[in-house]
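Trainee: Just need the structure, nothing else, for what follows:
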Amino acid sequence: MEHNSFLSSNPKITSHFICWEPEQEAIGTLQIIHGMAEYIERYHDFAKYLNGLGYVVIGHDHLGHGESVSTDDPEYGYFGEEEPVSFVLEDIHQVKTWIENKYPNLPHFMLGHSMGSFALRNYLQRDVAGITGAIFMGTGKKPVMLPLALSITKGLNLTAPKKQNKWLDQLAFGSFNKHFPELGGFNWLSKNQENVRNYENDPLMGFTFTNNGFYTLFHLVEGANCKGWTDEIKPDLPILIISGEQDPVGDFGKGPRKVAKELDAAGVKDVSLVLFAELRHEILLEDEKIEVYETISNWLQKRRDFTVEN
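Mentor: Numbering: from 1, shown residues only. From the prediction side, this is the model:
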């Protein structure tokens, strides 16, 4: 596992990333785009599993997350005032470019989880090349409250961008836990209660976003679900949509199904939808994680083999 860094598109911050390399000859690469209020090193076990199959795994901490914060004044949940959505997408692109330069002859896959899935859906609408396949994990459709949230955060991002906003946090996520029997604020993440406790006890996770952070998040969700978003997706790009059916981010399966339906209707030729009936939001950290790992690796292998043959 190699820690590295690059100058973020927000030039005030140096962004942190990790590269997990296999011991054997590499057969492909997977770029992971992590979710809200977490950090890339959480994907260590999944990365090591893929290393064992020959995949290089790379991912960075988003601005305002993990080690991609100012050491002088850490601002968690803050991306930058000028063009925060562009910052997110440009940093993804910088990591992708680094991978392409270091592993120019390998098939390159991208996986986005939760907020990362919305970021990836925005990114794929750009004129990007060199991607063998994409995975949307823990993704969703446009929430009912989004227009109100966009309107509110537009002004707040101008007047108090760095202020944490617990009211917006409650508006966005406050209803998620009512569907589950366990006590606590984050049980919607996982039925694996050890994972929930680890999340709650880690100071680098579960922090409340700033007004700027929510402004960025809501615009990523909007861009991922805007009218015609699928029109810009290349029709020959294989896409896997994978989630827990008990995930409130995906409206309990409705969101992933809608995304798959929209991609099918747009003429994307290879769209796979996998929903795990009993799992919640963080499917890579449930007790059944090996089944999830195998589902993803089997999908990667089939698309990698097709790329190699062609």
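Trainee: where do the helices sit along the stretch 201-310 of the chain?
Mentor: Assigned by DSSP state H, counting those that start in this stretch, the stretch 201-310 of the chain shows helices spanning 211-225, 254-265, 289-309.
Trainee: Point out the most buried one among the ones you listed.
Mentor: Stretch with highest mean neighbour count among the helices of the stretch 201-310 of the chain: helix 211-225 (a mean of 24; mean count of other C-beta atoms under 10 Å). In this view, the C-beta of every residue, glycine as well, is placed from N, C-alpha and C.
Trainee: Please export the alpha-carbon coordinates of that helix; PDB is fine.
Mentor: Coordinates of each C-alpha in helix 211-225 appear next as PDB, following Å, rounded to 0.1, in the frame of the first residue of the first chain:
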ATOM      1  CA  ASN A 211     -22.900  24.700   3.900                       C
ATOM      2  CA  ASN A 212     -20.400  24.500   1.100                       C
ATOM      3  CA  GLY A 213     -20.200  20.700   1.400                       C
ATOM      4  CA  PHE A 214     -24.000  20.400   1.200                       C
ATOM      5  CA  TYR A 215     -24.000  22.800  -1.800                       C
ATOM      6  CA  THR A 216     -21.500  20.500  -3.500                       C
ATOM      7  CA  LEU A 217     -23.300  17.300  -2.600                       C
ATOM      8  CA  PHE A 218     -26.700  18.500  -3.800                       C
ATOM      9  CA  HIS A 219     -25.300  19.700  -7.100                       C
ATOM     10  CA  LEU A 220     -23.600  16.400  -7.700                       C
ATOM     11  CA  VAL A 221     -26.900  14.600  -7.000                       C
ATOM     12  CA  GLU A 222     -28.700  17.100  -9.300                       C
ATOM     13  CA  GLY A 223     -26.100  16.600 -12.100                       C
ATOM     14  CA  ALA A 224     -26.400  12.800 -11.800                       C
ATOM     15  CA  ASN A 225     -30.200  12.900 -12.100                       C
END
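Trainee: relative to helix 254-265, how tilted is it?
Mentor: Counting by axes from the mean of the first three to the mean of the last three C-alpha atoms, to 10 degrees, helix 211-225 points 40 degrees away from the direction of helix 254-265.
Trainee: Mind giving me the packing neighbours of helix 211-225?
Mentor: The contact analysis (3 or more C-beta pairs under 8 Å, 6 or more residues apart in numbering; DSSP states H and E) places helix 211-225 against helix 84-102, helix 115-123, helix 146-159, helix 166-173.
Trainee: Let me know the average pLDDT across it.
Mentor: Throughout helix 211-225, pLDDT has a mean value of 97.
Trainee: Distance from the chain centre to it, please.
Mentor: 13 Å (C-alpha atoms, centre = their mean, to the nearest Å).
Trainee: just stretch 127-145 next, same as before
Mentor: Using C-alpha atoms, centre = their mean, the mean C-alpha position of stretch 127-145 is found 8 Å from that of the whole chain.
Trainee: Quote the end-to-end distance of stretch 4-12.
Mentor: With C-alpha to C-alpha, to the nearest Å applied, stretch 4-12 spans 17 Å between its terminal residues.
Trainee: Begin at 57 from now on, thanks
Mentor: Okay, residue one is now 57; in that scheme the one you just asked about reads as stretch 60-68.
Trainee: in it, what's buried?
Mentor: Buried positions in stretch 60-68, judged by neighbour count with 16 or more other C-beta atoms under 10 Å: 62, 64, 65, 66.
Trainee: re the thing from before, which one, of the helices and strands packed on helix 267-281, ends up nearest to residue 306?
Mentor: helix 171-179 (9.6 Å; C-beta to C-beta).
Trainee: Remind me what the closest one packs against, helices and strands.
Mentor: Helix 171-179 is packed against strand 84-89, helix 140-158, strand 164-169, strand 189-193, helix 267-281, with contacts defined by 3+ C-beta pairs under 8 Å, 6+ apart.
Trainee: between those, which gets nearest to residue 130?
Mentor: helix 267-281 (13.4 Å).
Trainee: Run through who's touching the closest one.
Mentor: Contacts of helix 267-281 with the rest of the structure, by C-beta atoms under 8 Å, 6 or more residues apart in numbering, involve 92, 120, 133-137, 140-141, 144, 171, 173-175, 177-178, 181, 195-199, 202, 205-206, 209-210, 212-213, 216-219, 221, 224-225, 228, 265, 285.
Trainee: so the strand or helix carrying residue 252 versus helix 345-365, what angle?
Mentor: Element membership for residue 252 (DSSP states H and E) is helix 249-257. If you take the same axes, to 10 degrees, helix 249-257 sits at 90 degrees to helix 345-365.
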